[in-house]
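Engineer: Attaching a predicted model along with its sequence, questions to come.
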Amino acid sequence: MQIASLFQKNRPVFSLEIFPPKRTGPIDTIYKTLDSLKDLEPDFISVTYGAGGNAADTSTADIAGNILHRYGILPLAHLTCVNYSRHEVEQILERLKEKNIKNILALRGDINPDIPPKKEFSHASDLVKFIREKGDFYISGACYPEGHVDAKSLDEDIEHLKAKVDAGVSHLISQLFFDNAYFYNFLEKARKNGINVPIQAGIMPVINKAQIERMVTLCGASLPSKFTKMMQRFEHSPEAIREAGIAYAVDQIVDLVAHGVDGIHLYTMNNPYVARRISDSIKGILYA
């Protein structure tokens, strides 16, 4: 099934994201997480690209295959390209085909200053075109409500996003954000520029201060006053900041659904407790 077809339902699509264990961690830990997430009945589960950080790593394909065949849930396999050759990407695609994985989230990937990027894929749109040439895959892409950190402006980033969609992306998932106004502004600009594919809002519940500092450094998300006051007030109480982070994420989702968002993509951080609390809180509005 193509993920884009899920948006024909008369309700917002609800999906989860997990990541493989670190290279030194046991793979079974992710299946304990999935055992706890499966009864949340997400429309699909995405799996970030591999803990090993090289083309020989099969964890993403293996986990996506188990999501499909063991849990009966539609998987979305992430695939990055900045550090891979065309031959290496082709090998990854073959592994996905073997496991009957049809849906791929095509990403450039973060540039590691310690690893010189390979030159065969400069942009995610290059990867999208290559995937389309190599088989019967359905391709999703990422978008950035406040603009990609490498873009000069949001308008420039949306031009690049339009090129990615024109290359073959049929569904978009947004990077995390903490102020819904940025998402609504981005959505308006995207639609005006002819980007008409479904766009899911990516929501990350923040449950500790170190997490937010790390993510803001990586993606450049703005922190509204309401959010920073929450973090400052509760940062020394792990239980309080977890509860506040859950409540903040639920509040974001309620507002997004009220505004008719296409879908919600919940970054679970492999934390079933937090994912369940949020899912239980929003189930009534998703199916209203």
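Structural biologist: Structure's in. What do you need?

Engineer: in the longest helix anywhere in the chain, what's buried?
Structural biologist: When the chain is parsed with DSSP state H, its longest helix is helix 238-258. Across helix 238-258, burial judged by 16 or more other CB atoms under 10 Å covers I241, R242, A244, G245, I246, Y248, A249, V250, Q252, I253, L256, V257. Every C-beta, even on glycine, is put in place using the N, C-alpha and C of the backbone.

Engineer: How about the first one, nearest residue that isn't a chain neighbour?
Structural biologist: Distances taken as CB to CB, 6 or more residues apart in numbering place F234 nearest to I241, at 4.2 Å, with adjacent residues excluded.

Engineer: just to revisit the earlier point, so for the longest helix of the chain, could I get the coordinates as CSV, restricted to C-alpha?
Structural biologist: Output of helix 238-258 as CSV, limited to C-alpha atoms (Å, rounded to 0.1, in the frame of the first residue of the first chain):
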residue,chain,number,x,y,z
PRO,A,238,12.2,14.7,35.7
GLU,A,239,8.6,13.6,36.3
ALA,A,240,7.3,17.2,36.1
ILE,A,241,9.1,18.0,32.8
ARG,A,242,7.9,14.7,31.3
GLU,A,243,4.3,15.4,32.2
ALA,A,244,4.6,19.0,30.9
GLY,A,245,6.2,17.8,27.7
ILE,A,246,3.4,15.4,27.1
ALA,A,247,0.8,18.1,27.8
TYR,A,248,2.5,20.5,25.4
ALA,A,249,2.6,18.0,22.6
VAL,A,250,-1.0,17.1,23.1
ASP,A,251,-1.9,20.8,23.0
GLN,A,252,-0.1,21.2,19.7
ILE,A,253,-1.8,18.2,18.2
VAL,A,254,-5.3,19.4,19.3
ASP,A,255,-4.7,22.7,17.7
LEU,A,256,-3.3,21.1,14.5
VAL,A,257,-6.3,18.8,14.1
ALA,A,258,-8.7,21.6,14.7
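
Engineer: Next SSE downstream of it?
Structural biologist: Following helix 238-258 in sequence order, the next helix or strand is strand 263-267 (DSSP states H and E).

Engineer: could you check the angle helix 238-258 makes with that next one?
Structural biologist: Using axes from the mean of the first three to the mean of the last three CA atoms, to 10 degrees, the direction of strand 263-267 lies 160 degrees away from that of helix 238-258.

Engineer: pLDDT averaged over strand 263-267 - what is it?
Structural biologist: In this model, strand 263-267 carries a mean pLDDT of 98.
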